[in-house]
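>>> from the sequence below, what's the structure:
(chains A, B, C and D)
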Number of protein chains: 4
Amino acid sequence: MRADTIRYEFASDNTAAICPEAWTALVEANAHYAPSYGEDEWTAAVCERIRQLFEVDCDIYFVFTGTGANALGLAQLCQPFDGVICHERAHIQTDEGGATEFYTQGAKLFLTKTNDGKIDLGETEKLIAQQVALHGHMMRAISIAQATELGTVYSPEEVEEIGVFARAQRMLLHMDGARFANAIAYLGCAPKTITWKAGVDLLSFGGTKNGVAAGELVIFFDKKSSRDFQYRVKQAGHLGSKMRFLAAPWLGLLNGDVWLRNARHANEAARELAQRLRNEAGMENVFPVESNAVFVQFDDECVRGLHARGWRFHKFVEPDIYRLMCSWSTTDEEISMLVGDLVAIK
Amino acid sequence: MRADTIRYEFASDNTAAICPEAWTALVEANAHYAPSYGEDEWTAAVCERIRQLFEVDCDIYFVFTGTGANALGLAQLCQPFDGVICHERAHIQTDEGGATEFYTQGAKLFLTKTNDGKIDLGETEKLIAQQVALHGHMMRAISIAQATELGTVYSPEEVEEIGVFARAQRMLLHMDGARFANAIAYLGCAPKTITWKAGVDLLSFGGTKNGVAAGELVIFFDKKSSRDFQYRVKQAGHLGSKMRFLAAPWLGLLNGDVWLRNARHANEAARELAQRLRNEAGMENVFPVESNAVFVQFDDECVRGLHARGWRFHKFVEPDIYRLMCSWSTTDEEISMLVGDLVAIK
Amino acid sequence: MRADTIRYEFASDNTAAICPEAWTALVEANAHYAPSYGEDEWTAAVCERIRQLFEVDCDIYFVFTGTGANALGLAQLCQPFDGVICHERAHIQTDEGGATEFYTQGAKLFLTKTNDGKIDLGETEKLIAQQVALHGHMMRAISIAQATELGTVYSPEEVEEIGVFARAQRMLLHMDGARFANAIAYLGCAPKTITWKAGVDLLSFGGTKNGVAAGELVIFFDKKSSRDFQYRVKQAGHLGSKMRFLAAPWLGLLNGDVWLRNARHANEAARELAQRLRNEAGMENVFPVESNAVFVQFDDECVRGLHARGWRFHKFVEPDIYRLMCSWSTTDEEISMLVGDLVAIK
Amino acid sequence: MRADTIRYEFASDNTAAICPEAWTALVEANAHYAPSYGEDEWTAAVCERIRQLFEVDCDIYFVFTGTGANALGLAQLCQPFDGVICHERAHIQTDEGGATEFYTQGAKLFLTKTNDGKIDLGETEKLIAQQVALHGHMMRAISIAQATELGTVYSPEEVEEIGVFARAQRMLLHMDGARFANAIAYLGCAPKTITWKAGVDLLSFGGTKNGVAAGELVIFFDKKSSRDFQYRVKQAGHLGSKMRFLAAPWLGLLNGDVWLRNARHANEAARELAQRLRNEAGMENVFPVESNAVFVQFDDECVRGLHARGWRFHKFVEPDIYRLMCSWSTTDEEISMLVGDLVAIK
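Okay, the predicted model is just below:
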C-alpha cells in the first residue's frame, strides 16, 4: 500500500506539468521588457503559425481557459434567445458552470443523446422542429467536441455531414477542441480537413491539456464573424496584459509539431493502458479508445483499493463507469503501476 | 538615434518580465503531477500566507486578470440595478472595457472628479442623494484604487473615513489593489491597516504588476459575502485547471516579502525618475509621486523625439500629460537613458 | 362549412376578452388624474386584498406578463450559476423564450419527466446529486406550475412534500400560478394551503387568463427575499407608469371572489367539454381534466376538418395530442358547436 | 386651502387617464375572442397605419413601457462592450433604472452636457476620440430624445446633422420618442422628416403619455437591423398575450390624427401655462417651452404652499428648478387653479 503518495497521473490530462518545449519557450520569453496586451512578437508568431497550420487566413484570439474559449466564442455567434445544440455529455453542458448561458446572456443548450458522445443529426432535426416560433428559441449553432468527452473522434466525413446540415439550417458550427490535437493525432489528417473545409466556423483549440500552463485559442475561420471579438475578450477579463507568457509556450507547442507529438504520445499511452487493462486485468473498454481517455467499469472493491493505493480518478457515467486520462507525460512505468495495482486488487 | 530598439521600460509596469523569485517558484512547481482547479498545495499555501499577511481569516480566490478580479468581485456585491461610486479615472471606468457593467449585468458606475485620483466624499454624498427611488439606482458600493490611477496613495485615515461613510450609507467598500503592494510600500503600514480594519470589504490584490506572469487575488474580508464565489469564477472561465502555475509564482512573491521589496524598488525608481526629470530636464511632476508612476507634461517635440529614440509611453490626461511607469525591474541605467534622451531632445 | 369565421374559442385561455367585473373596475379607474408608478389607490387596494386572501403579510408586485413574473421572480432568487429544477413541459422551459436564463444571467433549468406534468422528487434528487461541485450548478430553486401545463393540479400534500424537500436541500420553491385560480377552484382549499403554508416562497399569480387584459402578480411570502425587487422590475421595463390600469381590473377580479368564479366556470366548461368529447365523439381525455385544459388525440382528418371549419388550437405533445382550453367566457353553445363539428367530421 | 384633494394634474403626463378615442377603440376590441401574441387584426392595423404615417416600409413592435422600448431597441443595436452617447439628462441615463445597461448586458452610456437637453456633437466627437482601443468601448449608437427631457425640440436640421455625423462615425441613431408626438406637433413636419430621412435608425414611439394606458412602439427603419427582434421582446416578457388590448387603443390614437391633436393640446396647454406663469406670477420659464413641459424656479415658500394646496410636481434640476407637465387632458380650469394658487402664495 502506498497511502503516503496521492497519484494524479490518470485523474485528468490537466494534472500534468508544462511540457519541455513549452517551458523552453517560456524561459526565452522571460527576458527583458515586452509590449503588453498581445502586441508582443510571440503572440504574432502564434497567430502566423496557426494560419500556416490551418492553411487559411483566420482570426486567432487567446483566452485563459477552455471554458472561456467555448463560452466567449459562442457568445460571439449567439443572441440571448438563441439555442445551441450539443451532446448531453458536452463539456459546455456539464462542466463549465453554465458559462455559455452566462456569456450569451441566456442562450439555451439543447441536448442530443447518444452512446458515443457524438451528436445525432436526427435528434438535432427534431429539436429544431420542436421550437415554436417566438415562444421557443432560434436555433443558431451546433457545438461538437473533437475529440468528444467520451474519447471518441468524429471522422472528417462525420464533421462534414454536420457542417452541411448546419449550413442547410442556417446554423453555425462550433468545435470544442480542448483535445483537438488528440483528434488530429488519431485521424492523421490536416487540421483544415475537420475544420473550415468541413464547415466549422469557430474552433476552441486547447493547449492546456496538450502541455502549456494555460491559454486556449479561439479561432474564427469566417473572419467577418469575429468582428470586435477582442473587445468581448477584454470585457470578460480574458485579455492578458503580459500576453507573451501565454503565447510563448504555445509557440513551443507549435514549433516542429510538438503539439502533435504530445497528442500522439497521450493517445498511444491510452491505447496501451486500455490494452493492458483488457489483457492483464480483464477489463473491457466501455467506449472506443480513439484519443487519450480510457473508460472502464470499476466495482466498489476496485475503487476502494485504488483509492487506498493513492490513485485519483473520476466517475464519469453513473453508476460505475470511470475515466482514466493519459497525457503528454504519461510513462510506461505509470501505466504499469496502475495496472499492477488493479491486478493486485482483483 | 536608436530607432532599431523599441523600449517598453516605462510604458507600463506590465511590460516587465516575471521576477526571479516568482520564476524560481514556478520552476519548482513544474515537477510531476498535481491536482487541478486549486486543489494543489501551492494554492493552499498562498491562501494561508495571505491570511497571515492580513492577520485575519478571509476568503481568497485566484483569477487571471485585474479586470476579472474587479468585475467578478463587484458582481458578487452588486445587483444589476445597483450603483458603484468610483473616481472618473478609475481603471474600472476607463480601462476595463465595461467589465463591471458586464459581470454585474448592468450595474452603473457613478463618478466623482478630483485632481488627485481619490474619490471625494462630498460628491459621493451628492450622487447618492440624486438617486430618485425606483427610477435611479440603489447605491451599493464604493470602489477606490489603492494606489490610484494617478499614482497617489490614500492614507489609512482617508480609507477609514471612506469606510465609515460607506457603512453609514449601508454601502460596501471595494479596493482595486492592482498596485496594492506599491501603496503598502509607500505607507509602510500593515496590510490590515488600509483594508479590513479601515472598512474595506473586498480587495483585488494585484500580482501581475508586481512580478508574476498573471494571476490576481480576490480577497473577501467578510466571509459571508463570498458565498458561492468560486462558482462565479468558474462560470466566467476564470478558474484555472492547472492552478498551480498561477499559485506558485504568487508564493514566490509572498515568501520573505518579495512582493514588498518589488514594490519598494518600483516606488524608489519612480521617485528617482521624478527627481532627475525635475533636476536634469526641468520637468515638474504633475501629481505627487507616491507609488510607481510619474506624470509629466511633454510638448510635441518631446513626444516625437522620444518616439524616434524608441521609447513607448501613454498619454494619460488630455492634452499633454504623459505617464511613465516603473516596475520591480527598472534599473538606474534605464532611468539614465530616458532622462539623457530627454535632456538631449530639449 | 364555416370557413368565413376563424374561431379562437379553444385555442387558449388568453384569446378571451376582459371579463365584465374587470372591465367595470377599469371604467371606474379611468376618471381624472392618478399618481403613477404604483402610488395609486388601486394598486394599494390590490396588495391589501392579496394579503387578506392569502392570510399573510406578503410583498406583492405587478408585472405585465406571466413570462415577466416567472423570470423576474426567479432572477430574484437565483445567481447566474444556479440551477432551477422544473418539469420538462414547464412553461418556463418551453414557452418563455429563455426568459429565466436571460433574467438570471444564465441560470440553468434542469428537467424532470413525468406523464402528468408534475415534477418527480426522485428525479429531482438525482439531478441534485449529479452536480459536480464547482463544475456543475448550485441547485437553488424548484419551480412547479399550479395548475400544470397538462391541466393537472398538485394536491396540498404534494405541494407540501415538495416544500419540505426543498427546505431540506436548502432550496427555494417557486410556483408558476398562471392558472393558480383554476387550481384553487379545483382543490377548494384556501390559497395559503398550497402556497406559504406548504413551503412556497414565491408565487406568480396570473390574471391575464382569468379575465384581465394584462398584469400578473409576483408574490413573495418571505418578505426578506423581495429586497429591492421593485428595482429589478423597473430595470426590466415592467414598472407601468399608469399602473392603475393594471391594478383596477385586478381589483375587479379580487372583489367578491370573481377570480374564483371565473376559474370555476372555466374548469366546469373543460369538464363539460371533456365529457361530451367522450360521450358524443368517443374521444378519451389524455390527461385528467382537473383545471381548464382538455387534451385529446386528433387524427389528421380531424385536424383538417376542424381547421376547415375555422377552429384554431395547438398541438401539445408529439405526434397527435392537442390541447383545447376553456376560459371564463366559454359558453355551452361554443362547446356544442365544437363537439358538433367533431361529430360531423368523424 | 384644499389639503383634502391631492392634485396630480401637472406632476407628469402619465397621470392622465386614457383619452376618449383610445377608450372607444378599447371598448370595440373587447368583444368576443381574438388570436393572441399579436396575431390579431388591431396589431396588424397599427403596423399598417404606422407605415403610412412614416411613409416607409418599416418594422414595428409593441412593448409595454418606454423603458422597455428604449432598452430593448438599444440591445438590438449594441453589443455588451459598446458605448451609447446621450445627454446627461436623457431618460435612459437618469430614469430607467439602468435598463439599457441591463438589456445590452453592460453597454455603457457616455454623456454630453448642454443647457438645452440636446446632445452636443463637439463633445460627442471628444468622447469617441477618448476611447482607447480594446480598453475602452466601441462607440455604436447615439441616442437623442425628441422632445428632450427639458421640453426642447430638435429641428429637422439638427436631427439630420446628428444623423450625418453618426453615419460618418459608423454609428447608429436612436430616437427616444416618448414625446415624439409633441415634437411633431411643435415642428409641424412629417414624421419622416425627423426620423428615417434624417438618419434615425430606430425610434421609440410613445403612446402612454399621449393617451393610451400602456404600450409603446419600437420602430426599425432599417428592416435588416430588426432581425429576430420579436424573440428579444418575448424573452424580456414584453410580448403581451392579449395584444389587442395594447394595439386597439393605439389604433384609437392613430385614426384621424388623434395622436397629433392630443399632442397639440398638451403643447398649447404648456404654452398657456408658461405665459400665465410669466404674466400673472412673474415667473420666467427656465427652458424654451417647445413641447408639453414647463420648467420654473420655485423658492421654498412656493413649494410648501403648493404642496399644502395639494399640488404634486417634481424637482428636476438642483437646487430649485421644477417641472410642470401638461397632457392631452389638461384644462384651462386646471391651469387657472394652479396659477391662482401660485399668485396667492406669492
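>>> for the worst-scoring helix or strand of chain A on mean pLDDT, buried residues please.
In chain A, the helix or strand scored least confidently by mean pLDDT, DSSP states H and E is strand A:314-317, which has a mean of 93. For strand A:314-317, burial by neighbour count (16 or more other CB atoms under 10 Å in any protein chain shown) applies to A:F316. Every C-beta, even on glycine, is put in place using the N, C-alpha and C of the backbone.
>>> find the nearest non-adjacent residue to the closest residue to chain D within the stretch 51-200 of chain A, please.
Using CB to the nearest CB, A:F81 is the residue of the stretch 51-200 of chain A that sits closest to chain D, at 4.0 Å. Leaving aside its sequence neighbours, A:F81 sits nearest to D:Y231 (CB to CB, 6 or more residues apart in numbering or on different chains; 4.0 Å).
>>> check contacts around that neighbour.
A:Q79, A:F81, A:L134, A:H137, A:M138, C:G97 (CB atoms under 8 Å, 6 or more residues apart in numbering or on different chains).
>>> I'd assumed A:V84 was in contact with the fifth one.
No. With the criterion set as CB atoms under 8 Å, A:M138 and A:V84 do not qualify as a contacting pair; they are 10.5 Å apart.
>>> who has more neighbours, these two?
A:V84 (27 against 21; other CB atoms under 10 Å in any protein chain shown).
>>> mind checking the SS state of the closest residue to A:N30 other than its chain neighbours?
Leaving aside its chain neighbours, A:N30 sits nearest to B:A17 (4.8 Å; criterion: CB to CB, 6+ apart). When classified by DSSP: H, G, I helix; E, B strand; the rest coil, B:A17 comes out as coil.
>>> what about A:E160, distance to chain B?
Look at A:E160 and chain B: by CB to the nearest CB, to the nearest Å, they are 29 Å apart.
>>> now do the contacts for that residue.
Contacts of A:E160 (CB under 8 Å, 6+ apart): A:K197, A:A198, A:G199.
>>> ok, 10 Å please
Going by CB atoms under 10 Å, 6 or more residues apart in numbering or on different chains, A:E160 touches A:Y154, A:T193, A:I194, A:K197, A:A198, A:G199, A:V200.
>>> against A:C47, how distant is the fourth one?
Going back to what we said before, that points to A:K197. Going from A:K197 to A:C47 by CB to CB, to the nearest Å gives 20 Å.
>>> got the phi/psi numbers for the residue most central in space within chain A?
Residue closest to the mean C-alpha point of chain A, counted by CA atoms, centre = their mean, is A:A178 at 1.5 Å. Here is the backbone geometry of A:A178 (degrees, to the nearest 10): phi -50, psi -30.
>>> that one reaches A:S143, doesn't it?
No. A:A178 is beyond contact range of A:S143, at 11.9 Å (criterion: CB atoms under 10 Å).
>>> before we move on, the earlier item: distance of the residue nearest to the centre of chain A relative to D:I18?
58 Å.
>>> could you do A:S36 as well?
Taken as CB to CB, the span from A:S36 to D:I18 is 60 Å.
>>> between the two, who's got more neighbours?
Between A:S36 and D:I18, D:I18 has the larger neighbour count (other CB under 10 Å), namely 24 against 21.
>>> quick one: the helices in the stretch 151-300 of chain A?
Along the stretch 151-300 of chain A, counting by DSSP state H, counting those that start in this stretch, helices occupy A:156-168, A:180-187, A:229-235, A:244-254, A:258-281, A:300-308.
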